[in-house]
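1. Here is my input; please provide its structure:
(one chain, ligands or ions: 1)
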Amino acid sequence: SSECDNRPFKQRLLVVANRLPVSAVRKGEACWQLDVSAGGLVSALLGVTEFETRWIGWAGVNVPDEIGQKSLTESLAEKRCVPVFLDEDLVNLYYNGYCNNILWPLFHYLGLPQEDWLATICSFESQFEAYKKANQMFADVVNEHYQEGDIVWCHDYHLMFLPKCLKEANLNMKVGWFLHTPFPSSEIHRTMPSRSELLTAVLAADLVGFHTYDYARHFMSACTRILGLEGTPAGVEDQGRLTRVAAFPIGIDSDRFTRAIQLPQVKNHIKEFQERFAGRKVMLGVDRLDMIKGIPQKLLAFEKFLEDNPNWRDKVVLLQIAVPTRTDVPEYQKLTCQVHEIVGRINGKFGTLTTVPIHHLDRSLDFHALCALYAITDVALVTSLRDGMNLVSYEFVACQASKKGVLILSEFAGAAQSLGAGALLVNPWNVTEVASSISYALNMPSDEREKRHNHNYMHVTTHTSQEWAETFVSELNDTVVEAELRTTQ
Ligand code: G6P
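-> Residues are numbered from 1 along each chain as shown. Alright, predicted model coming up:
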């Protein structure tokens, strides 16, 4: 049909991720409100116009009834999204349990949750079964919608079994898998009871991608040590079949931010914030309220800075935007209490009748207010204990063309490998080091600030999310072509 109506043929790209780019809120029996989320992956793929993109994933809502499922499927179809329906028990075991209580902390080197680790070990089997079952359900929906020639791109730690499920049904399907978190050292991966099954399932893909070369290397050595497979510069080989493994560092849609800064409503916010914080330097943290983000460590470092530098006490403010996340998982609930306690203590200690040193918000900001905050910030603080990439650091840089503020960045974020030369790199566990970096950043001469900023700005505006997605998909296309060539030779 594409030839008949003279439109150029576009290859279809099926993007499969645990979460759809829209989340659904039920407003009536067959009535849905769809909120578009502008996460990194969504904006990355918005810019990719050479493919016809469809999304397959969970809508983040429990829909037990048929009327609901049918009407939600119809509403989502308008957004080119296809839902996978997971019931409450499955969400609990697969998403809260295996994904967020086991894989997430292990992949970020945090170990199993301390307090309930016995319970975690006891429920490991049932959670792993639920994980495989959920992955198979995603595969079933992909198979229903798959047309010959489509490319299937699976995302993240939720769907490590998906490549295997898909290839079992159709060996010719072009399947890629990308991990948005770190892949840990093989010594950590080795501790997982399901270590071999997870690796084998991922290796069923044609192309496996990571944010950094280190994560790719960790994955390959896990395959060598745990599965006894040979790693080559191109990937991992198993009985003559090659799974390509490579690094594809993600970026942001930087134009979206540089354009936003020029909008009148953002300029109004900028003016408002500048007046609100006049006479004080602004430090900013923007994180999901997750233990990997090192928020308590950041607060302790700020406290140490205030202790060591009494002259700065009423001249600096830390704005911490802490977006609630995975609130059904007990570890996240505990973290929230801990953070609130530390903020309260520091504000009690260093606050005055008219000011407090920390403004802490348990919520997200709308895009325009966020851009304005980035723009007026003097020092951004990203102190992740581990982070796949960390795009907040990119967003901050993109909004700083006129201010040229300082980025303090954890060496354990993937972004340290791309923004390391412009940022002040820190070990977030070393509170004294972070405190003195804060002092260094606040006192940095403008020519040094400018030099560092320009370096990062150049990187952020040239290594965009669109480029990332296009590179991965075209490599996936080529990879399969190569495999086909080999088998026909
Ligand atoms: C990380 C993960 C994503 C996930 C996001 C939000 O960035 O890599 O896959 O979607 O966190 O977490 P949530 O559990 O709310 O989807």
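2. Show me which residues of the stretch 251-400 of the chain are close to the ligand?
-> T325, R326 (C-beta under 6 Å from any ligand atom). All C-beta atoms are positioned from the backbone trio N, CA, C, and that covers glycine.
3. Helices of the stretch 251-400 of the chain, residue ranges please.
-> 254-260, 264-276, 295-308, 330-350, 367-376, 392-398 (DSSP state H, counting those that start in this stretch).
4. can you pull the contacts of E395?
-> Contacts were defined as C-beta atoms under 8 Å, 6 or more residues apart in numbering; by that measure E395 touches I252, F257, V286, L370, Y374.
5. rerun that using 7 Å as the cut-off
-> Under the criterion of C-beta atoms under 7 Å, 6 or more residues apart in numbering, the contact list for E395 reads I252, F257, Y374.
6. if I look at the closest residue in space to the first one that isn't next to it in sequence, how far off is the ligand?
-> In this case it means I252. The shortest distance from I252 to any residue that is not its chain neighbour, by C-beta to C-beta, 6 or more residues apart in numbering, is 4.6 Å, and that residue is Y394. Taken as C-beta to the nearest ligand atom, to the nearest Å, the spacing of Y394 relative to the ligand amounts to 14 Å.
7. Tell me how many other residues crowd Y394.
-> Around Y394 there are 28 other residues, counting by other C-beta atoms under 10 Å.
8. May I ask you to confirm that it is in contact with G251?
-> Yes - using C-beta atoms under 7 Å, Y394 and G251 qualify as a contacting pair, with a distance of 6.4 Å.
9. Are there residues contacting both of those two? Which ones?
-> Common neighbours of Y394 and G251 (criterion: C-beta under 7 Å, 6+ apart): V460.
10. can you tell me how far V426 sits from V382?
-> 9 Å (C-beta to C-beta, to the nearest Å).
11. intersection of neighbour lists for those two?
-> Taking C-beta under 7 Å, 6+ apart as the contact rule, V426 and V382 both touch I408, S410.
12. Now do the closest residue to G279 other than its chain neighbours against F302, distance only.
-> Setting aside the residues directly before and after it, G279 is nearest to K315 in space (C-beta to C-beta, 6+ apart), at 7.2 Å. Relative to F302, K315 is positioned 13 Å away (C-beta to C-beta).
13. got it, and A59?
-> In this structure, A59 and F302 are 38 Å apart, going by C-beta to C-beta.
14. and the stretch 101-250 of the chain, which of its residues are near the ligand?
-> When proximity is defined by C-beta under 6 Å from any ligand atom, the stretch 101-250 of the chain lies next to the ligand at D156, H180, T181.
15. would TSV of the residues you listed with secondary structure, neighbour count and pLDDT be doable?
-> Below are those laid out as TSV (DSSP: H, G, I helix; E, B strand; the rest coil; neighbours: other C-beta atoms under 10 Å; pLDDT from 0 to 100):
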residue	secondary structure	neighbour count	pLDDT
D156	coil	20	97
H180	coil	20	97
T181	coil	21	97
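16. show me the contacts for the residue nearest to I252.
-> When the contact criterion is C-beta under 7 Å, 6+ apart, the partners of Y394 are G251, I252, A415, V460.
17. Likewise for L203?
-> Contacts of L203 were listed using C-beta under 7 Å, 6+ apart, and they are C223, V236, D238, T243.
18. Scan those and report the most crowded one.
-> Highest neighbour count within these: C223, with 27 neighbours (other C-beta under 10 Å).
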